[in-house]
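Novice: give the three-dimensional model of this entry:
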Amino acid sequence: MGFSPKVYAEENILTDKSYIFCPNHTSIVDIMLMLAISKNPFVFLGKKELANIPIFGFVYKRTCILVDRNNTKSRNQAFYEAKKRLENGLSICIFPEGKVPENESIVLDYFHNGAFRLAIEFQIPLIPITFYDCKKRFPFTFFKGKPGELRVKVHHFLQTKDLTLKDRNTLKNKTYNIIYKELKTDQTKM
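Specialist: Reported below is the predicted structural model:
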């Protein structure tokens, strides 16, 4: 597709550990970029509506944990599926924004709770990840974008040992602020 990932990692991801990967979501290329940069086996937890996309949906529903965020039973089932995957040594990737914002001027959208709940419940590290260039390289606006480098920063891991669900918003806000600050700083360099 003409994209080349360039990864800067503040910590090394170990292949024998489970993590919650938590990257920002700005483009459909985010999914492919995450697959390209991770050497740690993981599955995506994503919204079930994407399973309806022709061709992509066929692969998506066979490789992801699907969730209908508006359905309590579906959320509970997704949590159970994630638990099984984590117990089998896999990691989980969740885009905490839940979707790519339609408004391309949004730097970072609101975060949902799922990633933070899972990280705390399973007492595993959460890894904030910043994707800088996906929106610029592969936006939803037709005929915009171009091939090039896709820069990624894997931030210091956020430890969840001894956190409880009462700490979920604090962990969510900390993750949001790490990624938001990184994106805003990068915009001032442009």
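
Novice: what is the end-to-end distance of stretch 33-41?
Specialist: End-to-end distance for stretch 33-41: 14 Å, by Cα to Cα, to the nearest Å.

Novice: what separates stretch 105-122 from the chain centre, distance-wise?
Specialist: Mean-position distance between stretch 105-122 and its chain equals 9 Å (Cα atoms, centre = their mean, to the nearest Å).

Novice: actually stretch 26-43, sorry about that
Specialist: Distance, stretch centre to chain centre, for stretch 26-43: 8 Å (Cα atoms, centre = their mean).

Novice: okay, buried residues for it please.
Specialist: Buried residues in stretch 26-43, counted by 16 or more other Cβ atoms under 10 Å: 26-27, 29-34, 37-38, 40, 42-43. Yep, even glycine has a C-beta here, placed from its N, CA and C like the rest.

Novice: please apply the same query to stretch 87-101.
Specialist: Of the residues in stretch 87-101, 90, 91, 92, 93, 94, 95, 96, 97, 98, 100, 101 count as buried by neighbour count, 16+ other Cβ under 10 Å.

Novice: and the residues you listed as CSV, adding secondary structure?
Specialist: As requested, the buried residues of stretch 87-101 are exported to CSV (DSSP: H, G, I helix; E, B strand; the rest coil):
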residue, secondary structure
90, coil
91, strand
92, strand
93, strand
94, coil
95, coil
96, coil
97, coil
98, coil
100, coil
101, coil
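
Novice: lovely, talk soon.
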